[in-house]
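S.K.: predicted model follows, preceded by the sequence.
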Amino acid sequence: MKRVASSRRGNVDLLRRRPVLETAGLDPPAPDAERRVDQLRALMRLVERGVLSAEEFERQEERVLRRLGP
């Protein structure tokens, strides 16, 4: 069995801890952006089901993006 250097003996918990994600400096997504994505996904599902045509989707997409702003 290998010996552990004395400087590492006190760091046993490093092997048991979960990694911590560094989120410092990152802003959470804006609620409007999340709502925009949800609406676009819903429109895409309607296209996939055949309820909306591609042209209707494009019109609605422009409307969603314009209404919610940048």
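M.R.: Yep, it's here.
S.K.: where does pLDDT dip in the protein?
M.R.: Scanning the chain for pLDDT under 70 picks out 1-29, 68-70.
S.K.: how about the helices in it?
M.R.: For the chain, the helices defined by DSSP state H cover 31-48, 54-68.
S.K.: just send those back as JSON lines, with mean neighbour count too.
M.R.: C-beta coordinates here come from the backbone N, C-alpha and C atoms, glycine included. Output for these, formatted as JSON lines (neighbours: other CB atoms under 10 Å):
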{"stretch": "helix 31-48", "mean neighbour count": "13"}
{"stretch": "helix 54-68", "mean neighbour count": "12"}
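S.K.: tell me the contacts of Ala54?
M.R.: Contact analysis of Ala54 by CB atoms under 8 Å, 6 or more residues apart in numbering lists Val47.
S.K.: how close does it get to Leu46?
M.R.: 11 Å (CB to CB, to the nearest Å).
S.K.: which phi and psi does Val51 have?
M.R.: phi -80, psi -40 (degrees, to the nearest 10).
S.K.: give me the number of residues near it?
M.R.: Neighbour count of Val51, defined by other CB atoms under 10 Å: 11.
S.K.: gap between it and Glu34?
M.R.: In this view, Val51 and Glu34 are 23 Å apart by CB to CB.
S.K.: can you list contacts of stretch 36-44?
M.R.: Applying CB under 8 Å, 6+ apart, the contact partners of stretch 36-44 are 52, 57, 60-61, 64-65, 68.
S.K.: got the CA coordinates for that stretch in CSV?
M.R.: Extracted in CSV, the C-alpha atoms of stretch 36-44 (Å, rounded to 0.1, in the frame of the first residue of the first chain):
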residue,chain,number,x,y,z
ARG,A,36,-40.1,33.2,-25.4
VAL,A,37,-38.4,29.8,-25.7
ASP,A,38,-41.4,28.0,-24.2
GLN,A,39,-43.7,29.7,-26.7
LEU,A,40,-41.5,28.9,-29.7
ARG,A,41,-41.3,25.2,-28.6
ALA,A,42,-45.1,25.1,-28.4
LEU,A,43,-45.3,26.6,-31.9
MET,A,44,-42.8,24.0,-33.1
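S.K.: start at 18, not 1
M.R.: With 18 as the first residue, the last one maps to stretch 53-61.
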